[in-house]
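Engineer: Sequence first, then the predicted structure:
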Amino acid sequence: MFEMITARELAARQDSGETDYVLLDTRPEDSYEAWHVEGAKSFPFGLEETLTDDQRGEIDELANGNRILTICGKGATSTTLAAELDTNGFEDVAVVKGGMRDWNSLYETARLDTENDDLVIVQFQRRAKGCLSYLVGSKRAGEAVVVDPTRHTNQYVTTAAEEGLEIARVLDTHVHADHISGGRDLAARLDIPYHLGERATERDIDYEFDSLTDGETLSIGDIEIEVLSAPGHTTEMVAYRVGDEAVLTGDSLFLDSVGRTELEFSEDAAEEGARMQYETLHETLLELPNELTVLPGHVTVNNDGTYENASPGELVSASLGDVHDRLDLLTLDKEALIEQMVENIPEKPDNYETVISINLGTEPIESNRDATMLETGANNCAA
């Protein structure tokens, strides 16, 4: 009889470097090509399908005597294949329960080593999407803020408690386009303020929030968090400088790119956003000390499930000076950057218009299942 394993157990196998298994992805080929778990092999299989001799031979060759794991979107066709394998005499078979849906909800955490022994910065990594969020706190004050939380809010409350911190505020860098923010829900749950940049008042947001002005400073004990207006990816984008240690750049600056500018502005007005982006980069972010650690809002997750600049559980960060030196986009003059961003627009995030509407408060989420479906796939907010 085949077994069931969790997405977390699969992640543990990956992270330990185990190679004694083959992972078969039973989704259609186009779904696999768009986004899959690192190392998975495409093996499309239908709910009503039975295993043919040719397919059995193919699996024999792929498995080479190792354990066979199956995965699909939610666990349906992968279970069908596992049952067929069991019927056909394959003895060591397991299904990844919940499939890519559960894989999409896995998180890792990593800590920034800081010079200030009072400061705590924990990075939350949404493993499959590459969304990054943060807990920033003061040990002595016993307080913290959460920046850019996703909708799986329990992890922030739990981690804060483990660190001996009470969450005092929730901050979003901007109105997100690739995932549903958990900011309002977390703030309401804890009865604490929820913040966006002051230009969010221009975006017809259908809920109340506390706006933050450029240059404003929030204090968590002796830890100071400075608000930096950083429009470009969106008009209301802000970055948060944490003392002399780090800058949380949201979607304005990544380790390998900058934020795309047409998701709010539309392709026809992308030039306006690109112009803002250039000014944010060269007049705000690159004017900061090179020693500051850049903590971005996303890490690039490739279609094959690999991270571009780190590994799951490894801190996604670099000094501002290092990012400046290695990122060619930052060497372009204003007109060249605008041309690059307007003429080379990448594929848009899945369901981005609906996700934006939800984060503006103008469209409701009917269920967790609907939210999961809307967020399927890696982020795609970089230029």
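Structural biologist: Here it is on my side, so go on.

Engineer: When you work out contacts or count neighbours from here on, use the C-alpha atoms and nothing else.
Structural biologist: OK.

Engineer: Which elements pack onto the lengthiest helix in the chain?
Structural biologist: What stands out as the longest helix in the chain, according to DSSP state H, is helix 270-283. Applying 3 or more Cα pairs under 8 Å, 6 or more residues apart in numbering; DSSP states H and E, one finds that helix 270-283 makes contact with helix 262-265, helix 334-343.

Engineer: Residues touching the helix or strand sitting right after the longest one along the chain, excluding its own?
Structural biologist: So the one you mean is helix 334-343. Beyond helix 334-343 on the C-terminal side, the first helix or strand identified by DSSP states H and E is helix 352-360. By Cα atoms under 8 Å, 6 or more residues apart in numbering, the list of residues contacting helix 352-360 from outside reads 175-181, 203-207, 263, 363-365, 374.

Engineer: And for stretch 137-146?
Structural biologist: Against stretch 137-146 from outside (Cα under 8 Å, 6+ apart): 118-121, 133-136, 156, 160, 163-171, 220-223.

Engineer: What distance separates the opening and closing residues of that stretch?
Structural biologist: 9 Å (Cα to Cα, to the nearest Å).

Engineer: My understanding was that residue 6 contacts residue 101; is that so?
Structural biologist: No: if you go by Cα atoms under 8 Å, residue 6 and residue 101 don't touch, sitting 11.3 Å apart.

Engineer: which SSE is residue 101 in?
Structural biologist: Applying DSSP H and E, one finds residue 101 within helix 99-103.

Engineer: which helices and strands sit right next to that helix?
Structural biologist: Looks like helix 99-103 contacts helix 7-16 (3+ Cα pairs under 8 Å, 6+ apart).

Engineer: buried ones in the helix it packs on?
Structural biologist: In terms of neighbour count (16 or more other Cα atoms under 10 Å), helix 7-16 has its buried residues at 7, 8, 10, 11.

Engineer: what does stretch 134-146 give?
Structural biologist: Those would be 134, 135, 136, 137, 138, 139, 142, 143, 144, 145, 146, for stretch 134-146 by 16+ other Cα under 10 Å.

Engineer: could you dump the residues you listed to CSV with pLDDT, secondary structure and distance to residue 288?
Structural biologist: Output for the buried residues of stretch 134-146, formatted as CSV (pLDDT from 0 to 100; DSSP: H, G, I helix; E, B strand; the rest coil; distance: Cα to Cα, whole Å):
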residue, pLDDT, secondary structure, distance to residue 288
134, 98, strand, 20
135, 98, strand, 22
136, 98, strand, 19
137, 98, strand, 22
138, 98, strand, 23
139, 98, coil, 26
142, 98, coil, 28
143, 98, strand, 26
144, 98, strand, 24
145, 98, strand, 22
146, 98, strand, 23
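
Engineer: rewinding a little: send the alpha carbons of the helix holding residue 101 over as CSV?
Structural biologist: Provided in CSV are the C-alpha atoms of helix 99-103 (Å, rounded to 0.1, in the frame of the first residue of the first chain):
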residue,chain,number,x,y,z
GLY,A,99,0.3,18.5,-3.7
MET,A,100,1.4,21.9,-5.0
ARG,A,101,-1.3,23.6,-3.0
ASP,A,102,0.4,22.6,0.3
TRP,A,103,3.9,23.2,-1.2
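
Engineer: Specify the next element, helix or strand, located C-terminal of it.
Structural biologist: Immediately after helix 99-103, counting by DSSP H and E, sits strand 107-111.

Engineer: ok, back up a step: with distance to residue 188 and pLDDT added, can I get the buried residues of helix 7-16 in TSV?
Structural biologist: Shown next, in TSV, are these (distance: Cα to Cα, whole Å; pLDDT from 0 to 100):
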residue	distance to residue 188	pLDDT
7	30	96
8	29	96
10	34	96
11	32	95
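
Engineer: Closest one of those residues to residue 53?
Structural biologist: residue 10 (28.2 Å; Cα to Cα).

Engineer: partner residues bridging the nearest residue to the closest one once chain neighbours are set aside?
Structural biologist: Nearest residue to residue 10 in three dimensions, chain neighbours excluded: residue 96, at 7.4 Å (Cα to Cα, 6 or more residues apart in numbering). Judged by DSSP bridges, the bridge partners of residue 96 are residue 5.

Engineer: Run a quick check on residue 96 versus residue 4, I expect a contact.
Structural biologist: Yes: between residue 96 and residue 4 there is a contact under Cα under 8 Å: 6.0 Å.

Engineer: Let's verify residue 236: helix, strand, or coil?
Structural biologist: Secondary structure state of residue 236, per DSSP: H, G, I helix; E, B strand; the rest coil, is coil.

Engineer: any idea how far it lies from residue 269?
Structural biologist: Counting by Cα to Cα, the gap from residue 236 to residue 269 is 16 Å.

Engineer: do the same with residue 176
Structural biologist: 18 Å.

Engineer: So if I had to pick from the two, which one is more boxed in?
Structural biologist: residue 176 (26 against 14; other Cα atoms under 10 Å).

Engineer: Remind me which helix or strand that one belongs to.
Structural biologist: Here residue 176 is assigned to no helix or strand, by DSSP H and E.

Engineer: list the helices and strands the very next helix or strand once past the longest helix of the chain packs on?
Structural biologist: Sequence order places strand 293-296 as the next helix or strand after helix 270-283, per DSSP H and E. Packing contacts for strand 293-296, counted by 3+ Cα pairs under 8 Å, 6+ apart, involve strand 246-250, strand 318-319.
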